[in-house]
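> structure, please.
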Amino acid sequence: MLRTIPVHQADHSARTALVAGATGIAGAAIVDLLASQGWTVLALSRKGASANAPEARPGVVPVAADLTSPESLAAALGDLQPTHVFFTSWSRQDTEVENIAVNSAMVRNLLTALEHAPVEHVALMTGLKHYMGPFEAYGEGEMPDTPFSENEPRLPVDNFYYAQEDELMAAADRQGFAWSVHRAHTVIGFAVGNAMNMGQTLAAQATLCRELGLPFTFPGSETQWNSVTDMTDAGLLAEHMVWAATDEHTANEAFNVVNGDVFRWRSLWPRLAAWFGVEPAGFDTEPQPLEVQMADMSEAWTKLAVRDGLAEPELGRLATWWHTDADLGRKMEVLTDMSKSRVAGFTGYRRTEDAFIELFDRLRAERLIP
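Okay, here's the model as predicted:
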């Protein structure tokens, strides 16, 4: 087994991390973890100041820049000297060709803007679409067996994850830094306004179901309802990315990252329903997409938010129906192999049910759900 140095024992006092996508579900968790460990953190987002954490935390410096604009990045980063970079951002486009063009350019633009900096390691977050294909070719054609492992070859389809990896590796060759790729599965955590957040989406669904006297109906496929699956807690993802970025044995590798437990939705769904005090309804004869179930619910949410004094009256900043429909609507088993990380020394673990409950508790504490 490879010997590793635990992250908490490392000396981070001279290290500066740049987190791209700092207000997102993964980026915010990375900022929190790095700040707690004493790093200087450059929290990069389009607006700069974080909407998901206090702006005046010691060691956290908001940086405003547009990843699609080389000029914006050059102006914002010209005087900064990060030693580590964590890239967690993406921009959804209408087609995969556009996804490739835009999202690969964001990686290229950022790393080009840091050619002057003493960058030692760049950690890139991607996901299991590496194994299943992009949204427009989800699960089509021959796919690898589960659990997905990192040694599987790329699928013969266009995929912006592949393009991002290629940009990362090309920049590493030019600039001399080490890299890591982190393939997560359905990240759950706290991030208002995030485009892909199943935890907050299900919380909004359950809240509306309780408000309107509706059953809490599973939206997905029969396969997802019955199959064994896994997920990734944002805090665990942050630990994994910092581990790989600071351990001498993990350079230039791709790693899967999931919580470490497995579950079936048919068992977890009633327990989530119980937390909200709603009646669960499982898969019956066909999927019940949230985009249909929750259509035209914005006004109901706004009325509820005003009545109960919630912090976010705009439903679209909490719930992303299409993304949860895509994840839970899959017609194939989705399960991930964590062996590579375990052998390399990563021992982080979360129980997925606990990750959901902790998120729900925080949403209530932050007055985002009643």
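
> can you tell me how far the residue nearest to Thr95 when sequence neighbours are not counted is from Gln288?
Ranked by C-beta to C-beta, 6 or more residues apart in numbering and with sequence neighbours excluded, the top spatial neighbour of Thr95 is Glu136, at 6.8 Å. Bear in mind the C-beta positions are built from the backbone N, C-alpha and C, glycine included. Separation of Glu136 from Gln288 (C-beta to C-beta, to the nearest Å) stands at 23 Å.

> quick one, which of the two is more surrounded?
More crowded of Glu136 and Gln288, by other C-beta atoms under 10 Å: Gln288, with 18 against 13.

> where's that one, which helix or strand?
Using DSSP states H and E, Gln288 is not contained in any helix or strand.

> the residue nearest to Thr95 contacts Asp94, doesn't it?
No: the criterion here is C-beta atoms under 8 Å, and Glu136 misses it with Asp94 at 9.4 Å.

> need the residues that contact the host helix or strand of Phe356.
Assigned by DSSP H and E, Phe356 belongs to helix 352-365. Defining contact as C-beta atoms under 8 Å, 6 or more residues apart in numbering, one finds that helix 352-365 is touched by 188-190, 199-200, 202-203, 230-231, 233, 235-236, 259, 261, 263, 268, 271-272, 275-276, 369-370.

> just the ones of those residues in helices?
Using DSSP state H, Gly199, Gln200, Leu202, Ala203, Gly235, Leu236, Leu268, Arg271, Leu272, Trp275, Phe276 are the members of those that sit in helices.

> and Ser149, what does it touch?
Asn256, Asp337, Ser339, Lys340 are the contacts of Ser149 under C-beta under 8 Å, 6+ apart.

> if we go to 6 Å?
By C-beta atoms under 6 Å, 6 or more residues apart in numbering, the contact set of Ser149 is Asp337.

> on the three-state scheme, His182 is what?
Here His182 is strand, with the state taken from DSSP: H, G, I helix; E, B strand; the rest coil.

> who does it bridge with?
Per DSSP bridges, the residues bridged to His182 are Met125, Phe255.

> quick one: neighbours of Asp354, just the number.
Neighbour count of Asp354, defined by other C-beta under 10 Å: 12.

> pLDDT score assigned to it?
On pLDDT, Asp354 comes in at 98.

> which residues in this protein form strands?
For the chain, the strands defined by DSSP state E cover 16-20, 40-45, 60-64, 84-87, 121-127, 178-184, 187-188, 216-217, 228-229, 232-233, 253-257, 263-264, 280-281.

> what would the ones you listed look like in TSV with mean neighbour count?
Below are the strands of the chain laid out as TSV (neighbours: other C-beta atoms under 10 Å):
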stretch	mean neighbour count
strand 16-20	27
strand 40-45	26
strand 60-64	17
strand 84-87	28
strand 121-127	24
strand 178-184	24
strand 187-188	27
strand 216-217	22
strand 228-229	18
strand 232-233	28
strand 253-257	21
strand 263-264	15
strand 280-281	18
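
> mind putting the ones you listed into TSV with mean pLDDT and distance to Phe148?
Shown next, in TSV, are those (pLDDT from 0 to 100; distance: least, C-beta to C-beta, whole Å):
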stretch	mean pLDDT	distance to Phe148
strand 16-20	98	25
strand 40-45	96	30
strand 60-64	96	34
strand 84-87	98	21
strand 121-127	97	11
strand 178-184	98	8
strand 187-188	94	16
strand 216-217	98	29
strand 228-229	98	12
strand 232-233	98	13
strand 253-257	98	7
strand 263-264	98	17
strand 280-281	98	29
